[in-house]
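Okay, sequence plus prediction incoming.
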Amino acid sequence: MFAPLEDIQIKSIYGSDLPKRMARCTPDMLNSVRLVAADVKAAGGELILSDMYRSYEMQFQAHLDYVTGKKSAYSPPPGGSMHEAGRAFDLDLSALKMSLSDFWKIAEKHGLRPIINTPSQGANEAWHFDCRGSHDRVYDYYAAGKADNFASPYTAMAASAIVSTGVKVDALGEDPTAGFIQSGLIRLGQTIGDLDGRMGPKTRTALQAVKLDPDAGNTDIAAAIEKLLQSAFPDEYFVPAVHTLALGAMPPAFSLLAPAKAPYTPGAANKAALGKIIDMLPGAVMIDQAFDLQPDFLGILQNKCLYFDSELQLDTDGWPDGRGKGDKSWQSTTSLRYADDTSLNANKVPYFVLPLPKSWANDRGIYLGDYAAVIHRGKVAYAVFGDEGPDHLIGEGSIQLLRALGEERLKQNGRIINSGAGPGIITVVFPGSGQPAHRKNEDTLLAAIQAEGNRLFSALTG
Ligand SMILES: [Zn+2]
């Protein structure tokens with residue numbers, strides 16, 4: 001629901017890497033720090049930190065140390081520092097081996113902002129840099145006078161950033177959810193009055209403006225807001241893949257611990273065929289389940305269609321000639337039957353398979369006999385939900401479905417090439433689209449697969 005924090009490994013002034021409890025930051029900050037460190041290194045200096053993440057308790061202690069005179073550097077009370085959001089660091093200025101104004105240029109290039117106004121090496125807080133990300137919009141919102149309940153636009157921005165990581169901000173109440181929703185709305189361009197943790201009339205109106213139901217409950221609303229934020233600000237949720245980095249340019253002490261994670265995009269060859277469906281992907285509700293061959297994407301689109309991008313394994317069930325020639329688990333029958341209880345012929349009927357138990361599909365409004373569009377290398381074929389398979393597999397289709405996608409698996413001599421196709425094959429299932437009348441016999445079913453598949457898919461691709 002909230003913005004993730006990633007672990008980072010980086011050199012510190014303490015003679016070793018920055019201690020783990022401090023070495024945490026948001027994905028966009030991680031990327032910025034990585035790039036800044038590489039540039040400083042290339043210029044002959046080194047990025048060495050003294051501080052980064054602070055929990056509520058750590059910030060409270062730092063503030064107490066300042067108030068009691070134990071430490072002279074100013075620390076605000078919890079709720080007002082970007083350190084608490086994993087969006088700030090303090091660095092060792094002497095290790096940079098360059099002027100502060102030169103470092104400002106490097107920092108600015110990679111999205112890091114100083115907290116002071118002029119690059120004066122001796123100034124208090126000259127060592128502190130923020131990665132504001134989209135919370136800069138909250139700063140602008142307060143600077144423009146759209147709200148006034150914080151001491152400064154900066155404090156409002158920090159509160160927005162902190163609450164977005166799921167940590168409470170005292171001014172916004174014990175539960176960070178409402179504050180997170182409001183912060184999200186401001187960053188999405190809405191006007192909500194004060195960011196105050198109260199779901200008042202202006203917040204409700206703003207929710208309606210982004211097509212969300214104000215009565216849905218804060219947990220559901222927050223999940224929906226997160227989806228919108230992920231789509232608007234992907235850098236703040238996903239760490240770029242490690243293999244895209246110029247690792248050689250980085251300081252030896254610096255490496256990434258975070259797993260590579262990038263937003264899903266369908267293969268280039270399939271994009272044109274998908275049309276408007278591509279716009280629906282960021283709003284999908286993902287299905288988090290492990291399979292033998294993990295699909296690149298498995299989720300339910302806003303219009304309730306099931307969408308997955310996977311391999312397509314061969315299923316020969318129901319093929320009358322399949323005994324001894326079909327795939328290893330060949331069966332003479334399929335789960336879906338015609339009116340006279342005979343099975344679908346895998347060599348004649350393009351069908352797809354979904355995993356058991358029955359509830360896997362049924363709970364998502366999908367039943368045997370429903371239709372799907374299957375896309376492979378830009379080619380679209382239509383298919384019927386004709387068989388059920390083991391719970392650890394997703395992405396299986398009949399001989400005729402592979403054939404329709406340009407993958408012939410039946411040799412001239414009548415033997416089968418027992419291999420699937422893919423990865424990168426996209427299946428879009430239309431829940432509740434099948435009708436018993438379509439399954440009078442093979443002819444009626446084949447006609448319905450084409451007509452209904454085409455009609456439903458065209459309506460979706462726009
Ligand atoms: Zn600082």
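Great, that's in hand. Numbers count the residues shown, from 1 in each chain.

Centre of the chain to stretch 215-227, how far?
16 Å (C-alpha atoms, centre = their mean, to the nearest Å).

Over to stretch 408-425?
34 Å.

now stretch 209-228
On C-alpha atoms, centre = their mean, the centre of stretch 209-228 falls 17 Å from the chain's centre.

Surely residue 388 is within a strand?
Yes: counting by DSSP: H, G, I helix; E, B strand; the rest coil, residue 388 is part of a strand.

In contact with it, which residues?
Residue 388 sits next to 335, 353, 354, 355, 356, 358, 361, 368 when contact means C-beta atoms under 8 Å, 6 or more residues apart in numbering. For every residue, glycine as well, the C-beta is placed using N, CA and C.

try 6 Å
The contact partners of residue 388, taken as C-beta atoms under 6 Å, 6 or more residues apart in numbering, are 335, 356.

what about it, distance to the ion?
57 Å (C-beta to the ion, to the nearest Å).

is that residue in a bridge, and if so with what?
Beta-bridge pairing for residue 388 (DSSP bridges): residue 354.

Please enumerate the strands of the stretch 301-450 of the chain.
Secondary structure of the stretch 301-450 of the chain (DSSP state E, counting those that start in this stretch): strands at 306-315, 351-355, 371-376, 379-389, 396-398, 421-430.

Now the closest residue to the ion within the chain. Nearest residue, chain neighbours left out?
Across the chain, no residue is closer to the ion than residue 128, which sits at 3.5 Å (C-beta to the ion). Excluding its sequence neighbours, the residue lying closest to residue 128 (C-beta to C-beta, 6 or more residues apart in numbering) is residue 115, at 4.6 Å.

Read off the pLDDT value for the one you found.
On pLDDT, residue 115 comes in at 95.

Now residue 286: phi and psi?
phi -80, psi 150 (degrees, to the nearest 10).

need the contact list for the nearest residue to it once chain neighbours are set aside.
Leaving aside its sequence neighbours, residue 286 sits nearest to residue 299 (C-beta to C-beta, 6+ apart; 4.3 Å). Contacts for residue 299 (C-beta under 6 Å, 6+ apart) come out as 284, 285, 286, 287, 307.

how many other residues sit next to the first one?
For residue 284, the number of neighbouring residues by other C-beta atoms under 10 Å comes to 18.

The fourth one too?
Here the number of neighbours of residue 287 (other C-beta under 10 Å) works out to 16.

still on that earlier bit, is it correct that the residue nearest to residue 286 falls within a strand?
Yes: assigned with three-state DSSP, residue 299 falls within a strand.

Not counting its own residues, what contacts the strand or helix carrying residue 186?
For residue 186, the host element (DSSP states H and E) is helix 176-187. Residues outside helix 176-187 that contact it (C-beta under 6 Å, 6+ apart) are 134, 137-138, 141, 160, 163-164, 166, 168, 172, 192, 195, 197, 199, 203, 206, 218, 221-222, 225, 229.

Write the PyMOL selection for whichever of the residues you listed are buried.
In PyMOL, this line selects whichever of these come out buried by 16 or more other C-beta atoms under 10 Å:
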select buried, resi 134+137+138+141+160+163+164+166+168+172+192+195+197+199+203+206+221+222+225+229
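
taking the contacts of helix 176-187 one by one, which sit in strands?
Using DSSP state E, no member of the contacts of helix 176-187 falls within strands.

Contact residues of the stretch 101-250 of the chain facing the ion?
residue 128 (C-beta under 5 Å from the ion).

and the residue nearest to residue 286, what pLDDT?
92.

Would you tell me which one of the strands of the stretch 301-450 of the chain is buried the most?
Stretch with highest mean neighbour count among the strands of the stretch 301-450 of the chain: strand 396-398 (a mean of 29; mean count of other C-beta atoms under 10 Å).

follow-up on the earlier one: show the pLDDT at the residue of the chain closest to the ion.
For residue 128, the predicted pLDDT is 96.

just residue 255 next, same as before
Reported pLDDT for residue 255: 38.

now do residue 143
Value for residue 143, per-residue pLDDT: 96.

in the protein, what spans have low per-residue confidence?
Where the chain drops to pLDDT under 70, the residues are 240-262.

got the domain boundaries for the chain?
6-131+235-244, 135-232, 268-461 (automatic domain parsing).

Determine how far the last residue of the longest one lies from the first.
Read that as domain 268-461. 16 Å (C-alpha to C-alpha, to the nearest Å).

How far off centre is it?
That offset, for domain 268-461, works out to 26 Å (C-alpha atoms, centre = their mean).

now swap in stretch 196-203 and tell me
The answer for stretch 196-203 is 27 Å, by C-alpha atoms, centre = their mean.

what about it, how long is it end to end?
10 Å.

again with stretch 129-136
Using C-alpha to C-alpha, the two ends of stretch 129-136 sit 14 Å apart.

out of everything not next to it in sequence, what's closest to residue 394?
Per C-beta to C-beta, 6+ apart, closest to residue 394 is residue 291, 5.1 Å.

hmm, back to that, indicate which one of the strands of the stretch 301-450 of the chain is closest to residue 440.
Closest of the strands of the stretch 301-450 of the chain to residue 440 is strand 379-389, at 13.5 Å (criterion: C-beta to C-beta).

Give me the angle between that closest one and strand 351-355.
Between strand 379-389 and strand 351-355, the angle comes out at 50 degrees (axes from the mean of the first three to the mean of the last three C-alpha atoms, to 10 degrees).

pull the CA atoms of the helix holding residue 186 into CSV?
What follows is helix 176-187, C-alpha atoms only, in CSV (Å, rounded to 0.1, in the frame of the first residue of the first chain):
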residue,chain,number,x,y,z
PRO,A,176,-1.0,7.0,8.4
THR,A,177,-3.6,5.8,5.8
ALA,A,178,-5.8,8.9,5.6
GLY,A,179,-2.7,11.1,5.3
PHE,A,180,-1.3,8.9,2.6
ILE,A,181,-4.5,9.2,0.6
GLN,A,182,-4.5,13.0,0.9
SER,A,183,-0.8,13.2,0.0
GLY,A,184,-1.5,11.0,-3.0
LEU,A,185,-4.4,13.2,-4.1
ILE,A,186,-2.3,16.4,-3.9
ARG,A,187,0.5,14.7,-5.9
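
Great, nothing more from me.
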